[in-house]
Structures are given as structure tokens and as C-alpha cells.
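Novice: Here's my sequence, what's the structure:
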Amino acid sequence: MGGNRSRVTEFVLLGFQLSAQTELLLFWVFSLLYSCSLLANGMIFALICLDHRLHTPMYFFLSHLAVIDMSYASNNVPKMLANLVTQNRAISFVPCVMQTFLYLGLAATECLILAAMSYDRYVAICHPLQYTVIMSWTVCTVLAAISWSCGFVLALIHAILLLRLPFCGSREVNHLFCEILSVLKLACADTSLNKVVIFAASVLVLVGPLCLMLVSYTHILWAILKIQSGEGRRKAFSTCSSHLCVVGLFFGIAMVVYMVPDSSQREEKEKILSLFHSLFNPMLNPLIYSLRNAQVKDALCRVLQVRAR
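Specialist: Residues are numbered from 1 along each chain as shown. Take a look at the predicted model:
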């Protein structure tokens with residue numbers, strides 16, 4: 001029945017649809033935030049690579065988080081910036097699917113890396129004497145490999161299910177980038193399977209890891225309360241507070257976008273939340289870890305002192 005309708009070969013990313021002056025202002029603001037995000041995450045990654053004192057499981061996972069944040073921002077933000085200063089907001093079908101695949105893969109991987117980081121903190125505080133045995137480099141490498149593999153296998157499933165759909169009606173994506181739920185609305189076929197898989201994947205990579213983190217931090221809190229000295233409790237909690245801040249930001253936003261039912265204002269809210277994921281979250285992560293972590297600040301001071309000589 002739809003055979004006579006022409007197939008869509010490109011989409012148009014509507015974005016915020018503001019005045020030219022406002023969009024130019026946003027271009028400079030977003031460009032600054034994007035640059036700061038790349039600089040901050042690049043600094044964290046370089047410090048971890050250069051300073052042997054940071055060659056521990058916690059910073060090993062933090063280096064992966066920095067790479068994910070730089071990649072996630074670079075996948076979404078450049079096209080978003082280009083759309084703010086040009087009238088041509090078109091994106092071809094294949095690049096659109098690739099953008100969807102990459103952001104889903106990176107987002108799922110970040111969920112699993114954050115879960116691995118919470119397990120690392122659990123072992124460090126609850127089983128300190130067995131820490132080096134339990135969190136060996138082999139275990140860390142396997143956890144990281146599983147996180148990346150599962151994240152991108154799930155993203156590949158989403159991409160394949162998206163590619164099977166015909167797009168032959170409207171080509172306007174009411175979003176800042178090719179977000180999967182916004183693209184699915186343009187399909188002229190049944191998308192119920194796609195939505196079921198999206199919900200199942202959300203449960204797997206959002207609810208599952210979040211439950212594991214809650215269990216880990218319940219044990220951590222119980223162990224911290226057993227510490228007699230106030231200074232000991234403060235030091236133990238400071239090793240977890242940065243991770244808790246990042247987990248709260250990332251999982252809270254992701255669950256609002258993919259697990260809250262539709263509403264009349266959902267699309268506009270999703271645009272704002274996606275901005276937070278693409279720009280603010282990647283920038284805040286290294287700031288949270290560096291400003292609240294004495295070892296990172298010490299490593300930065302050592303690098304700066306060496307450069308000054």
C-alpha cells in the first residue's frame with residue numbers, strides 16, 4: 001500500500017527553532033562548553049596515563065569514562081553546532097543511523113562502566129585486605145571489555161531494528177540529533193518491536209546496574225558506619241562521593257528520558273535533557289572527580305611542576 005510513496009533518504013533536525021540571534025548565542029555557549037568538556041576529559045585521561053600513581057583500578061575505569069564522555073560529546077555536538085549557524089539542517093539516513101548507534105552504544109557502556117566503578121569502591125571499602133587480589137588487572141580488563149561489548153551489541157540490535165523500518169512520510173526529526181525515539185516517530189510501519197527492545201534494554205543497562213550500585217553502596221554505608229574514627233569515616237566516604245554524584249546525574253536523566261511515559265511536553269524536555277547528557281555531563285564528570293579527589297589534584301600539580309622546570 002505504501003509502495004507508491006517515495007522513501008526518505010535524509011532527515012531534518014529541527015532543534016530548538018529559535019531566532020537567529022539566540023541560536024548564534026547558543027552556538028558560542030555550546031562551543032565553549034564542548035571545548036571545556038574535551039579539555040577536561042583529555043586532561044583526566046592524560047594524567048591517568050602519565051602518572052604511575054594513578055595506575056589503579058579506580059582510575060583505570062575513570063580513564064574509560066573520560067574516553068566515553070569525549071566520544072559521546074563528539075558524536076552529537078558538532079552536528080548540533082553546525083545546525084545552529086546554518087539553514088541546512090539535513091542529515092542523510094546512514095549518518096543518522098550511525099549517530100544513533102554510537103550514542104546508544106556509548107551511553108550503555110557508560111552505565112556498565114559506572115556499575116564496575118561502584119563494585120571497585122565496594123571491594124576497596126568492604127574488603128580492603130583482599131582488594132588487590134579481587135580487583136586484579138585481569139578482572140578490571142574483563143569488566144571493561146564486557147561493558148564495551150555489551151553496550152555496542154545492544155546498540156547494534158537497535159540499529160538493525162531501525163534499518164528494517166521504512167521511512168516514507170515526514171522527514172523532520174523533532175530533536176537536536178538522531179535520538180532513536182524521535183526517529184521512530186517518522187517510520188511508516190509498526191514500531192512496537194523497537195519500543196519493546198528499547199524498554200528491555202533500558203531495564204538491562206539502567207535498572208540492572210542501578211540496583212547493583214544500590215546494593216554495593218548499602219554495604220559501603222554499613223561498613224563506613226562501623227568505622228570508629230570520624231576521620232576514617234570521612235576518608236572512606238570521600239572515595240565514594242564523586243562516583244555517587246556522577247551516578248545520580250547520569251542515571252537520573254537517562255531514566256527520565258527512556259522510562260517515563262509520554263507527555264505533551266516530553267519532546268521539549270528531552271531536548272533539554274539531551275543537552276545535559278551531551279554537553280554538561282561530560283564536562284561535569286572530570287570536574288567532579290578532579291575537584292573532589294586529592295590524588296588527581298596532586299597528579300596535576302606534579303605534571304605542572306615538571307613542565308615549569
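Novice: residues in contact with the residue most central in space within the chain?
Specialist: Most central residue of the chain, judged by C-alpha distance to the mean C-alpha position with Cα atoms, centre = their mean, is residue 107 at 4.2 Å. Residues counted as contacts of residue 107 (Cβ atoms under 8 Å, 6 or more residues apart in numbering) are 72, 151, 205, 254, 277. Quick note: C-beta positions are derived from backbone N, CA and C, even for glycine.
Novice: can you give me the strands in the protein?
Specialist: Using DSSP state E, the strands of the chain run over 10-13, 90-92, 172-173.
Novice: could the ones you listed be laid out in TSV, adding mean neighbour count and distance to residue 250?
Specialist: Converted to TSV, those look like this (neighbours: other Cβ atoms under 10 Å; distance: least, Cβ to Cβ, whole Å):
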stretch	mean neighbour count	distance to residue 250
strand 10-13	18	24
strand 90-92	16	26
strand 172-173	18	24
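Novice: wait, residue 249 sits on residue 281?
Specialist: Yes: assessed by Cβ atoms under 8 Å, residue 249 is found in contact with residue 281 at 5.8 Å.
Novice: Sketch out the low-pLDDT regions of this structure for me.
Specialist: In the predicted model, the chain carries pLDDT under 70 at residues 1-7, 228-233, 235-243, 254-269, 289-294, 297, 303-309.
Novice: That one: helices as residue ranges?
Specialist: Here the chain has its helices, by DSSP state H, at 20-50, 57-84, 93-126, 131-134, 137-163, 180-184, 192-202, 208-226, 230-259, 266-275, 281-291, 294-308.
Novice: any chance of those in CSV, with distance to residue 170 too?
Specialist: Below are the helices of the chain laid out as CSV (distance: least, Cβ to Cβ, whole Å):
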stretch, distance to residue 170
helix 20-50, 22
helix 57-84, 18
helix 93-126, 14
helix 131-134, 53
helix 137-163, 16
helix 180-184, 11
helix 192-202, 17
helix 208-226, 35
helix 230-259, 22
helix 266-275, 14
helix 281-291, 30
helix 294-308, 48
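Novice: Just tell me which of the ones you listed ends up closest to residue 11.
Specialist: helix 93-126 (5.5 Å; Cβ to Cβ).
Novice: Tell me which of residue 249 and residue 281 has more neighbours.
Specialist: Using other Cβ atoms under 10 Å as the criterion, residue 249 and residue 281 rank with residue 281 on top: 21 against 17.
Novice: CA-only coordinates of stretch 89-108 in PDB, if you can.
Specialist: These are the backbone C-alpha positions of stretch 89-108, laid out as PDB (Å, rounded to 0.1, in the frame of the first residue of the first chain):
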ATOM      1  CA  ARG A  89      19.800  21.100   9.000                       C
ATOM      2  CA  ALA A  90      19.600  17.900   6.800                       C
ATOM      3  CA  ILE A  91      21.300  14.700   7.800                       C
ATOM      4  CA  SER A  92      21.400  11.700   5.500                       C
ATOM      5  CA  PHE A  93      19.800   8.400   6.600                       C
ATOM      6  CA  VAL A  94      23.000   6.400   7.000                       C
ATOM      7  CA  PRO A  95      24.900   9.100   9.100                       C
ATOM      8  CA  CYS A  96      21.700   9.400  11.200                       C
ATOM      9  CA  VAL A  97      21.600   5.700  11.900                       C
ATOM     10  CA  MET A  98      25.400   5.800  12.700                       C
ATOM     11  CA  GLN A  99      24.800   8.700  15.100                       C
ATOM     12  CA  THR A 100      22.000   6.700  16.800                       C
ATOM     13  CA  PHE A 101      24.200   3.600  17.000                       C
ATOM     14  CA  LEU A 102      27.200   5.400  18.600                       C
ATOM     15  CA  TYR A 103      25.200   7.400  21.200                       C
ATOM     16  CA  LEU A 104      23.300   4.300  22.300                       C
ATOM     17  CA  GLY A 105      26.500   2.200  22.400                       C
ATOM     18  CA  LEU A 106      28.400   4.900  24.400                       C
ATOM     19  CA  ALA A 107      25.500   5.600  26.800                       C
ATOM     20  CA  ALA A 108      25.000   1.900  27.500                       C
END
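Novice: To residue 173, which of the helices of the chain lies closest?
Specialist: helix 180-184 (5.1 Å).
Novice: Tally up the residues packed near residue 67, please.
Specialist: Around residue 67 there are 18 residues (other Cβ under 10 Å).
Novice: That one reaches residue 46, doesn't it?
Specialist: No: at 11.6 Å, residue 67 does not count as touching residue 46 under the criterion of Cβ under 8 Å.
Novice: before we move on, back to that, could you dump the strands of the chain into CSV with distance to residue 116 added?
Specialist: Converted to CSV, the strands of the chain look like this (distance: least, Cβ to Cβ, whole Å):
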stretch, distance to residue 116
strand 10-13, 34
strand 90-92, 33
strand 172-173, 33
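Novice: Which among those strands is found nearest to residue 234?
Specialist: strand 10-13 (47.3 Å).
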